[in-house]
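> no letters, just coordinates:
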């Protein structure tokens, strides 16, 4: 599942609810400082509705260890945040294994002089928790991927 960079007004509204401090006064008028996001949909909890994996990029959401990943589920208001995972990198893998009815997630982690590795996140009934780390050169987890190499050219989230 390659990411999509098309804007989604309901997703942007959900992001703004989660990040109310993200506003024009902080990022200024220069569009190069605005945030971007890419997203992919997949059913993580087996209920027949697709949750959204949202990868936020830009100076507001990224650091040397990576960017922020949000997980949203559909709701009557649009989308509700399930969890945010800071310092994420792509690819993000929605595995074929499940914990508490939700697909396990793997995401790439690197930076800070540490060798690249995949971190496994398992759902504990209310949120995802990091449970395992494997070296990236050992094996790549199998499953649906949020993958690609996004740039600041698409998926605009204006302040």
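Right, received. Where do you want to start? A quick note: this is a predicted structure, and the numbers were derived from the prediction, not measured.

> so residue 83: helix, strand or coil?
Following DSSP: H, G, I helix; E, B strand; the rest coil, the label given to residue 83 is strand.

> any idea how far it lies from residue 140?
23 Å (Cβ to Cβ, to the nearest Å). No exception for glycine: its C-beta is placed from N, CA and C like everyone else's.

> repeat that for residue 17.
Computed as Cβ to Cβ, the residue 17 to residue 140 distance reads 34 Å.

> center of this structure - which residue?
Nearest to the geometric centre of the chain sits residue 69, at 2.4 Å (Cα atoms, centre = their mean).

> so which strand or helix has it?
strand 67-75 (DSSP states H and E).

> lowest confidence element among the helices and strands of this structure?
Least confident helix or strand, the chain: strand 156-157 with a mean of 60, by mean pLDDT, DSSP states H and E.

> need the strands for the protein, in chain order.
35-42, 51-57, 67-75, 78-99, 102-111, 114-123, 128-135, 143-146, 156-157 (DSSP state E).

> so for residue 12, which of these sits nearest?
The closest of those to residue 12 is strand 156-157. By Cβ to Cβ, the value is 5.8 Å.

> was I right about residue 85 contacting residue 106?
No: with contact defined as Cβ atoms under 8 Å, residue 85 does not reach residue 106; the gap is 11.3 Å.

> just want to know which of the two has more residues nearby.
residue 106 (24 against 21; other Cβ atoms under 10 Å).

> so, low pLDDT: which residues of the chain?
Scanning the chain for pLDDT under 70 picks out the ranges 1-2, 24-28, 32, 151-159.

> ok, now with 50
Under the criterion of pLDDT under 50, none of the chain is flagged as low confidence.

> can you check which helix is longest in this structure?
Scanning the chain for the longest helix, with DSSP state H as the assignment, gives helix 9-18.

> which positions within that one qualify as buried?
11-12, 14-15, 18 (16 or more other Cβ atoms under 10 Å).

> just to revisit the earlier point, for the residue nearest to the centre of the chain, list the residues it contacts.
Counting by Cβ atoms under 8 Å, 6 or more residues apart in numbering, residue 69 touches 53-56, 84-86, 88, 92, 107.

> let's see that with 10 Å instead.
Neighbouring residues of residue 69 by Cβ atoms under 10 Å, 6 or more residues apart in numbering: 53-56, 61, 83-90, 92, 105, 107, 121, 128, 146.
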